[in-house]
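J.: Pasting the sequence and the predicted model now:
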2 protein chains.
Amino acid sequence: MSEVFDRFRKYLKEIESYDTVINLLHFDLQTAMPKKGFRMNCEATTKFSTERFKLQTSDELCGMLEELKKEEEFSKLDGDWQFIVDWMKRELDEKKRIPLDFYESFVKTVSEGCVAWEEAKKASDFSIFAPCLKKLIEMAKQEALYRYPDKDPYDVMLNTYEEGMNSEIIDGLFSEIKERLVPLIRKITKASKPDDSKFQRLYDLDGQRKTQKLLLDYIGFNWEKGGVAESEHPFTTNIGSILDVRVTNHFREKDAIDPMFSAIHEGGHAIFEQNTDEKLAGTVGASCERLGLHESQSRFYENILGRNKNFWIPVYDKIQKYENEFSDVSLDEFYREINKVEPSMIRTSADELTYCLHIIIRYEVEKAIFRDGVQVEELPALWNSKMQEYLGITPSNDAEGILQDMHWSDASFGYFPTYLLGNVYDGMIYEQMTKELGDIDTILAEGRILEITHWLNEKIHKYGNTRTSAQILEEVCHRTVSAGPILDYYEYKYRKLYGVD
Amino acid sequence: MSEVFDRFRKYLKEIESYDTVINLLHFDLQTAMPKKGFRMNCEATTKFSTERFKLQTSDELCGMLEELKKEEEFSKLDGDWQFIVDWMKRELDEKKRIPLDFYESFVKTVSEGCVAWEEAKKASDFSIFAPCLKKLIEMAKQEALYRYPDKDPYDVMLNTYEEGMNSEIIDGLFSEIKERLVPLIRKITKASKPDDSKFQRLYDLDGQRKTQKLLLDYIGFNWEKGGVAESEHPFTTNIGSILDVRVTNHFREKDAIDPMFSAIHEGGHAIFEQNTDEKLAGTVGASCERLGLHESQSRFYENILGRNKNFWIPVYDKIQKYENEFSDVSLDEFYREINKVEPSMIRTSADELTYCLHIIIRYEVEKAIFRDGVQVEELPALWNSKMQEYLGITPSNDAEGILQDMHWSDASFGYFPTYLLGNVYDGMIYEQMTKELGDIDTILAEGRILEITHWLNEKIHKYGNTRTSAQILEEVCHRTVSAGPILDYYEYKYRKLYGVD
C-alpha cells in the first residue's frame, strides 16, 4: 500500500478513538451517570467533539484525501475504500464551507434549545420554546445554505438523513399512505375492540429484563459485539465502531409489552451494525448513516416480525415463565393486544398504523416551516388541526401536542420522515423476502427466525454505510421505492384483524 | 485572581476531561464492554493516557507552576491551592526525570506483563510469568531511581502509594502484628467451629442486588454523586472527579455473603470520595492518593462496622425479605458465619484475621526481591514456606500460591502493604471514635450509623488528598501510627468469639 494510504489509515484510527470516547460519554450520560456527573460529562463531550471536528476538517486530512483521489492512487483502492475517500472528502468540503464561528454558535444554540424545550414541555407552554425554535430554524436553514448554496435548504436537510431523498419523492409516498391509511384507521376506530382490562396490572421488573435477553438472543443479537443497559428512552449506539453496539431499554411496572418491542426494535438496529462487514469497522463505511434504511431494519424486527403472531410461538411459553403475569393471557389475546389500533396523542407509544400519520404530520409541519414560511407562533394550531384531520383527535395542551418530541430542539429538521421511509422499505423487503425464502409465517412458527436474520445480513447489513437506501432496494427488490407493498400489507393484516372491509 | 492562576485553572479543566474519559474507558472495560470492544477501548485508553501524560509534564504547565510558586503569587493562594501547586510541581519534576523512551517501554512491558500473568495463572505455571516479572522488577527499580536517584528504590515505591512510609516503619508495625496474630490464629484453628452447612445453597441474584442497594443506602452512599455496576472483581473509581464515584460488585449464586461485604467495602471507598470538599473537585487535592488511608475507610466499613453484629440489627430483617434464603438463618448464626476464621490460600477471600498475614507475606517477598536480591526463580518456594510458617498451609500449585494476585504484573510493587496499613489505622480510628461518640455497638444497634459516617466525613473525608495519613492520624487520634489498637481489638473480639485465651 502507498505511503499516503498508510498515513490515512493511521489518521482514521485517531478519529476512531475520538468516536469511542464521545459515544461512550453519551452512552454513560443516558445509562449510568449520576446527577452530579453531568458537568464533567458535558465538558469532556464538548472538548472531544470540538477536537474531532478539527480532525475531520484539517488541512492534513484534506491533503491526504486530495492525494488519494488522484487517479493513480484512487485506482489502487478497492470499492469500499473509494467510497470512504469520496464520503470523507465530500463531508470535509461541506463542513469547511461552514464558518467556524457560525458552527460554534449553532452548537451553543442547540444546547440552549434542548434546555428551553425541556422547560417548555414541563410547563406545557410552547411560548417558552418558541423564541429558541425560531433561532434554530433560521440557523438550520443557514447551515444548509452554507453546505449547498444552490440547493433548497429543506431538501438538503432531508438528504442529510437519507441520501437521495427530497420532498418531491416523499410527497408522493406520503400522500399515497394518507389516502389509504386515513380511511382504514377511521373504520378500525369504529369497529369493536377486544377487552384489554387484564393487561392493566403490575409486572415484575426482573422478569422483563429476562424477557429482553431472551428476545435479543432469539432474533440474533451478538453478545460478543454488544451489550444492554437501561435508560429513560431506549436507543442504540456503537462505542467507536460496529464491533461494540449497545442497546438500551426502560422497564416500568405498569407496562411489560412496551419494553418487549423496544428490545426487538433496538435489537434490529444493533443486528444491522453487528453484521456489517468487519473490514469496514472504524471507517465511515461502517455504521449506516442512511437513517431510513437503518430504521427499516429496526422496524422490520419490531413490526413485520414482532407483531406477527407466529413470531411468538417459539418463545411465548418461556416468556410466561419469566413473567408469570402473562400466565393467564393466551397467545391469541397477547396477539390482539400487541396489534391494538387506537388514535392517540403520543408518537412513541402509537401503534403500527397510526404511527405513520404521526410522522406525516411532522413532515407537513416541517414543510410549512421551510417552504411556506409559516411562523413559529402558528405551529401549535397547525399541529392540532392536522391531528384532528388525520387521527380525529385534538391535543388538549402543548405537551401532548407540538412539544412532545425533542428532535426539533436539537435542530434535527428533516429527520422524522426517515421513520416512515423505514416502514415503506419494509413493505418492499417483506415482499421480496417472501419470494426468496417462502412463507414468513411458517419460518417464524417453526423457530427458524435466524434464517431471516441471515438473509438480511447478506442482502443489507454487510454493506453498512456503503450503499444508499435506493441502491440497496434496487439490488434487493429490483424496483424503485414504492409505498404499495407496505400499504397492501397493512390493509390485509388489519382488515382481517378488525373484520372491516 | 491573577492571570496565571486563571490560566492554570483552565489547564486543570483540560486534564479533568482526560481523567473523565480515561476513567470511563476503564470503568466500561470492566463493567459493560463486550469482548470485541476491547481493541477500541485499548487504543483509546493508550491515546488519551499519552496525551494526559504530555499535559502533566508540559513546559506550559511547568512555566505556570513555577510562576505560581513564586512568593508573590504563592502567598495569595489558600492552603488547598498551595497544596495543589506543590503536588503538581513535585509530580512534574519526578515524571520529567523519567526519559520518555523508558516510560513508553515500561508501559509496554506492563501490558505484556498482564498478558503473561493471565496466561501463567491459567496454566498454573510460574515459569511462564517469570521472565516478564524479572523485567518488571528491573524496570520498577530503574523507574524509582530515575525519580529519586539518592533514595532506596523500594522505599520510593512504598512512598508512592503511602506518602511518608518506608520499610523501617512498616517492619516495626508488621512484626508486632505477626507476633500477636500468628499464635492467636493457631489457637482459633484448633478451636471448635460452628456448623456452616446451611450456607451451602444457591442464592437468588436479584435479591443480592437489592441487598447491595440497601447496604449502600444504609451506610450513607450518595446516589447523586455515584452509581453501581457489575464487574468480575469489585472496585471503586471516579469518573473525572469526586462528584461521580462508581462502585462495582459481582453476584454469584453460590455466595450471597461475599457481595454484601464487597458492597460495604467499595461503599466505604466511595463515601470517602463523595464527601471530600467539593471545591477540591477536578484537582489533585480531591481523590485521596494516600492508599493506606483510602483502604482504612473501606475496611472500617467492611470490618470494624460490617463484621460487628450490631451493624446488622437495623437491617437484617429487610435482608431476609430480599433474600429469603436467609429466612432460617438467625442473626447469631449469620454473625458467626461472617466472622469465621480459617487459614486459606486466597487473599481476596480471606477472613479479617488471616488477611493480615497474607499481606505480610507479600511485603516480605517484595523486600526479598528489592533488598536481598532474591532471584525470581526462588520466589514460589519462598512464598510457600512463608504460607506454611504463618498460616500452617502450603499452596498445592502456583495459581493458588504466588500467581494469585495481578498486582505484580502491572508493576505495583510496594502497593500491598497499604491494605494492612488500612487495618492498622482503623484500630486507632475506632479507639478515638469510641472516645468521642461513645459506644459504637450502641450507635449501630440503634440504627444511628450515619452519625459514624458524618464523624468520618468531618475528621477525614473532607480533606481528600490534602493530608498525609500520618497528618490525619495525628490530628484525629493525637498519636503516631501504632498497631496496638487494632491488635487489642482483634484479640478482644476473636478470643470471645472462639472461646480461646
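T.: Yes, it's here. All figures in this text were calculated on a predicted structure; none of them were measured in a lab.

J.: Surely residue A:489 and residue A:429 touch.
T.: No: applying CB atoms under 8 Å as the test, residue A:489 and residue A:429 come out as separate, 10.8 Å apart. Using the backbone N, CA and C atoms, a C-beta is placed for each residue, glycine as well.

J.: any common contacting residues for those two?
T.: When contacts are counted by CB atoms under 8 Å, 6 or more residues apart in numbering or on different chains, residue A:489 and residue A:429 have residue A:304 as shared neighbours.

J.: and stretch A:178-189, how far out from the chain's middle?
T.: From the chain centre to the centre of stretch A:178-189 is a distance of 25 Å (CA atoms, centre = their mean, to the nearest Å).

J.: Flag every buried residue along that stretch.
T.: Buried residues in stretch A:178-189, counted by 16 or more other CB atoms under 10 Å in any protein chain shown: A:178, A:180-182, A:184-185, A:188-189.

J.: Now render those residues as a markdown table, adding pLDDT.
T.: As requested, the buried residues of stretch A:178-189 are exported to a markdown table (pLDDT from 0 to 100):
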| residue | pLDDT |
| --- | --- |
| A:178 | 97 |
| A:180 | 97 |
| A:181 | 97 |
| A:182 | 96 |
| A:184 | 96 |
| A:185 | 96 |
| A:188 | 95 |
| A:189 | 93 |
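
J.: Save these as TSV, and put in distance to chain B and secondary structure too.
T.: Output for the buried residues of stretch A:178-189, formatted as TSV (distance: CB to the nearest CB, whole Å; DSSP: H, G, I helix; E, B strand; the rest coil):
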residue	distance to chain B	secondary structure
A:178	43	helix
A:180	43	helix
A:181	40	helix
A:182	44	helix
A:184	43	helix
A:185	41	helix
A:188	40	helix
A:189	42	helix
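
J.: Return the member of those residues nearest to residue B:342.
T.: Each of the buried residues of stretch A:178-189 was checked against residue B:342 using CB to CB; the closest is residue A:188, at 69.8 Å.

J.: In space, what's closest to the closest residue to chain B within the stretch 1-150 of chain A - neighbours in sequence excluded?
T.: Nearest residue of the stretch 1-150 of chain A to chain B (CB to the nearest CB) works out as residue A:37 at 3.3 Å. The shortest distance from residue A:37 to any non-neighbouring residue, by CB to CB, 6 or more residues apart in numbering or on different chains, is to residue B:244 (3.3 Å).

J.: next one: residue A:220
T.: Leaving aside its chain neighbours, residue A:220 sits nearest to residue A:453 (4.0 Å; criterion: CB to CB, 6+ apart).

J.: The one you found: what secondary structure?
T.: Assigned with DSSP: H, G, I helix; E, B strand; the rest coil, residue A:453 falls in the helix class.

J.: ok, it - how many residues close by?
T.: Neighbourhood size, residue A:453 [other CB atoms under 10 Å in any protein chain shown]: 21.

J.: Thought residue B:222 was touching the residue nearest to residue A:37, still the case?
T.: No: Residue B:244 lies out of contact with residue B:222 (CB under 8 Å); the separation is 10.5 Å.

J.: These two: who's more crowded?
T.: Remark: of residue B:244 and residue B:222, residue B:244 carries more neighbours, 30 against 18, as counted by other CB under 10 Å.

J.: What distance do you get for the more buried one to residue A:294?
T.: Distance, residue B:244 to residue A:294, using CB to CB, to the nearest Å: 32 Å.

J.: likewise residue A:485?
T.: On the measure of CB to CB, residue A:485 and residue A:294 end up 19 Å apart.

J.: That concludes my questions; thank you for your assistance.
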